[in-house]
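J.: Requesting a structural model of the entry that follows:
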Amino acid sequence: MIRTFLTIFLLLMISSNTFAAGDPAAGKQKSGICVTCHGSDGNSVNPQWPSIAGQHPRYLERQMTAIKSGQHRQSPLMAPMIATMTGQDFADLAAYYASIPRRGTMADEESIDLILLGEGLYRGGNKERGTPACMGCHGPDGAGNNLAGFPMISEQHATYTAQQLEAFRDGARTTDPQNMMRDIAGKLSDEEIRAVSEYLAGLRSQ
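T.: Next up is the predicted model:
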């Protein structure tokens, strides 16, 4: 737990302005290539593809950069689409999608026990296994932190969230500073991953 908070502090301290300033209007003009998967307004209708509306621009830029390089995150579908884009393109797209409100998804109301399990993990973690509460980084409402690069994870498709937690757990995704998400996801069972994902789908940001 102490290590987690120290990492957050360091990330906030060393956060730099290495990314270009984005222009939402320019990003809108460039967003046509994104519409098929992420929706006309960044709110995806396919649960396997994330809603990116309302997401923090710093996080979006970093993910596009990682996917383009292929070093820390693999996306065979997206990589070819952004292969010729520049850092300025990423900044513009990130600024545009960050300016759009996210339309929430719905949790599976039939899985109330699973959602309660997810809520417990999100807000309290698991002391027996040393799993910190998710809200320590992502906030009580899942809004995240732009300066630290922690993404907004509320109102997201449960299917997509579960896929990403599994990718961190399996080491297929390595975009997390100091192995933070890999360490945490590595302590989660399949049921717990599904539980947290279902809970987040219904969590609303302020």
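J.: where's the residue positioned nearest the centre of the chain relative to S189, distance?
T.: By C-alpha atoms, centre = their mean, the chain has its centre lying nearest to P151, at 4.5 Å. According to C-beta to C-beta, to the nearest Å, P151 stands 23 Å off from S189. In short, each C-beta sits where N, CA and C put it, glycine included.
J.: can you tell me which residues contact E155?
T.: Counting by C-beta atoms under 8 Å, 6 or more residues apart in numbering, E155 makes contact with 51, 54, 102-105, 142, 200-201, 203-205.
J.: What is the three-state secondary structure of it?
T.: Judged by DSSP: H, G, I helix; E, B strand; the rest coil, the three-state class of E155 is coil.
J.: same deal with F90?
T.: helix.
J.: Quick check: it touching I67?
T.: No - the pair F90 / I67 is not scored as a contact, 10.0 Å apart, by C-beta atoms under 8 Å.
J.: Which of the contacts of E155 are buried? Put it as a PyMOL command.
T.: In PyMOL, this line selects whichever of the contacts of E155 come out buried by 16 or more other C-beta atoms under 10 Å:
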select buried, resi 51+54+102+104+105+142+200+201+203+205
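J.: how much space is there between the residue nearest to the centre of the chain and L116?
T.: 24 Å.
J.: Show me the chain divided up by domain.
T.: When the chain is parsed with automatic domain parsing, its domains come out as 17-98, 105-202.
J.: show me where the protein has helices.
T.: According to DSSP state H, the chain carries its helices in the segments 2-14, 24-30, 35-38, 57-69, 79-82, 87-98, 112-124, 135-138, 158-170, 180-185, 190-202.
J.: Please name whichever of those is nearest to L147.
T.: L147 lies closest, by C-beta to C-beta, to one member of the helices of the chain: helix 2-14, at 6.0 Å.
J.: State the mean pLDDT of the closest one.
T.: Here helix 2-14 scores 47 as its mean pLDDT.
J.: Let's test this: name the helix or strand in the protein with the lowest mean pLDDT.
T.: Least confident helix or strand, the chain: helix 2-14 with a mean of 47, by mean pLDDT, DSSP states H and E.
J.: As TSV, the helices of the chain with distance to V45 would be great.
T.: TSV is the format used below for the helices of the chain (distance: least, C-beta to C-beta, whole Å):
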stretch	distance to V45
helix 2-14	33
helix 24-30	20
helix 35-38	9
helix 57-69	19
helix 79-82	18
helix 87-98	16
helix 112-124	22
helix 135-138	24
helix 158-170	12
helix 180-185	26
helix 190-202	14
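J.: neighbouring contacts of stretch 56-74?
T.: So stretch 56-74 is contacted by 19, 22, 52, 75, 78-79, 82-83, 85, 87, 90-91, 93-95, 97-98, 144-147, 149-152, 172-175 (C-beta under 8 Å, 6+ apart).
J.: Send over that stretch as PDB, restricted to the C-alpha atoms.
T.: Extracted in PDB, the C-alpha atoms of stretch 56-74 (Å, rounded to 0.1, in the frame of the first residue of the first chain):
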ATOM      1  CA  HIS A  56      -8.300  12.200 -19.900                       C
ATOM      2  CA  PRO A  57      -6.200  13.600 -22.800                       C
ATOM      3  CA  ARG A  58      -2.800  12.600 -21.300                       C
ATOM      4  CA  TYR A  59      -4.000   9.000 -21.000                       C
ATOM      5  CA  LEU A  60      -5.400   8.900 -24.600                       C
ATOM      6  CA  GLU A  61      -2.200  10.300 -26.000                       C
ATOM      7  CA  ARG A  62       0.000   7.800 -24.200                       C
ATOM      8  CA  GLN A  63      -2.200   4.900 -25.300                       C
ATOM      9  CA  MET A  64      -2.100   5.900 -28.900                       C
ATOM     10  CA  THR A  65       1.700   6.400 -28.700                       C
ATOM     11  CA  ALA A  66       2.100   2.900 -27.100                       C
ATOM     12  CA  ILE A  67      -0.200   1.200 -29.700                       C
ATOM     13  CA  LYS A  68       1.700   2.900 -32.600                       C
ATOM     14  CA  SER A  69       5.100   1.800 -31.300                       C
ATOM     15  CA  GLY A  70       3.800  -1.700 -30.400                       C
ATOM     16  CA  GLN A  71       6.200  -1.800 -27.500                       C
ATOM     17  CA  HIS A  72       3.900  -1.800 -24.500                       C
ATOM     18  CA  ARG A  73       0.400  -2.400 -26.000                       C
ATOM     19  CA  GLN A  74      -0.600  -4.500 -28.900                       C
END
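J.: All good on my end, thank you.
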